[in-house]
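> Sequence and predicted model, in that order:
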Amino acid sequence: MHPSSSPLISALLAAGLLGASLGASAQTAEPSTAAAAKPEHSLSFNLGAVSDYRYRGISQSRLDPAISAGADYSHASGLYLGTWLSSIRWIKDGGGDAPMEWDVYGGYKGSAGPLGYDVGLLRYQYPSARLAVSPNTTEIYGALTYEMVTLKYSHALTNLFGVADSKGSGYLDLSANLDLGEGWSVVPHVGRQGVRHNGALAYTDYALTLNKDFGNGLSASAAVVGTNADKALYVTPSGRFTGRTALVLGIKYSF
């Protein structure tokens, strides 16, 4: 997400938070009656394309298509590490020169009774950004999942994506994953981005996503995404509102 290059701010938000793979403890059983044990170590890769790269509801790609690639490692203990890269345009819109976002993250997933949990750290890096305030951002996050519902909070340990004096900003995310069967699922979402000492940049975002898993690593999505962000602050150089409600299409291949 990013605002326009007005005197109030140089640029805001990018990157996408991809969830990392969840490892699980292997169990032994008769092959005829139980699924095969999961490996202790797991490594996967992904390639993707979207009609508009939205992060927390705000376009990172000037409302145009974007491509991405990533890799994830997970251990049966619940530990995971990953990296993800995407093409972007918001840094250039803010007067910088970074065409790419590079994320590195790691954490631990587990369960306590009926609750699943996920805690970790995520670094958003913008090589050669050259903005007045560095857009490079570090967040810690924690999430709780009960059945199909997940509540997650992310907290900035640095300035938030090029916003001066914004250390300590937070994002609260509530979502659900509704399995429709035969590879179909629906994910409703609502989130609230707070920007410390920059209240005009705070906003709420929402999305309703339909996913289809075709098998063999191929999946697709269609999402209605929007925000109530300030239309004077979150704009492209040509004045287009980057938080507008729109249909976003995506395709992903994992291997």
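Cool, the structure landed.
> can you give me the strands for the stretch 51-200 of the chain?
Along the stretch 51-200 of the chain, counting by DSSP state E, counting those that start in this stretch, strands occupy 54-55, 58-59, 66-75, 79-87, 100-112, 115-125, 137-146, 149-156, 170-176, 178-181, 184-194.
> Most tightly packed of those strands?
Highest mean neighbour count among the strands of the stretch 51-200 of the chain (mean count of other CB atoms under 10 Å): strand 58-59, with a mean of 28. C-beta coordinates here come from the backbone N, C-alpha and C atoms, glycine included.
> what's the closest of the strands of the stretch 51-200 of the chain to residue 232?
Proximity of the strands of the stretch 51-200 of the chain to residue 232 was assessed by CB to CB; the nearest stretch is strand 58-59, lying at 14.0 Å.
> returning to that earlier point: who wins for proximity to residue 234 among the strands of the stretch 51-200 of the chain?
With respect to residue 234, and counting by CB to CB, the nearest of the strands of the stretch 51-200 of the chain is strand 58-59 at 5.9 Å.
> so what strands line up beside that closest one?
Here strand 58-59 is paired, per DSSP bridges, with strand 54-55 (antiparallel).
> any weak-confidence spans in the stretch 1-150 of the chain?
1-36 (pLDDT under 70).
> switch the cut-off to 80
Counting by pLDDT under 80, the stretch 1-150 of the chain contains low-confidence residues at 1-38.
> With distance to residue 228 added, can I get the strands of the stretch 51-200 of the chain in JSON lines?
Shown next, in JSON lines, are those (distance: least, CB to CB, whole Å):
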{"stretch": "strand 54-55", "distance to residue 228": "15"}
{"stretch": "strand 58-59", "distance to residue 228": "11"}
{"stretch": "strand 66-75", "distance to residue 228": "23"}
{"stretch": "strand 79-87", "distance to residue 228": "25"}
{"stretch": "strand 100-112", "distance to residue 228": "24"}
{"stretch": "strand 115-125", "distance to residue 228": "23"}
{"stretch": "strand 137-146", "distance to residue 228": "22"}
{"stretch": "strand 149-156", "distance to residue 228": "19"}
{"stretch": "strand 170-176", "distance to residue 228": "15"}
{"stretch": "strand 178-181", "distance to residue 228": "24"}
{"stretch": "strand 184-194", "distance to residue 228": "10"}
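> Out of those strands, which gets nearest to residue 43?
Counting by CB to CB, residue 43 lies closest to strand 66-75 out of these; the figure is 5.2 Å.
> could you give the angle of that closest one to strand 100-112?
If you take axes from the mean of the first three to the mean of the last three CA atoms, to 10 degrees, strand 66-75 sits at 40 degrees to strand 100-112.
> just the angle between strand 66-75 and strand 79-87, please?
Strand 66-75 and strand 79-87 are oriented at 170 degrees to each other (the same axes, to 10 degrees).
> and strand 66-75, what other elements does it pack with?
When contacts are defined as 3 or more CB pairs under 8 Å, 6 or more residues apart in numbering; DSSP states H and E, strand 66-75 packs onto strand 41-50, strand 79-87.
> helices or strands next to the last one in the packing?
Strand 79-87 sits against strand 66-75, strand 100-112, with contacts defined as 3+ CB pairs under 8 Å, 6+ apart.
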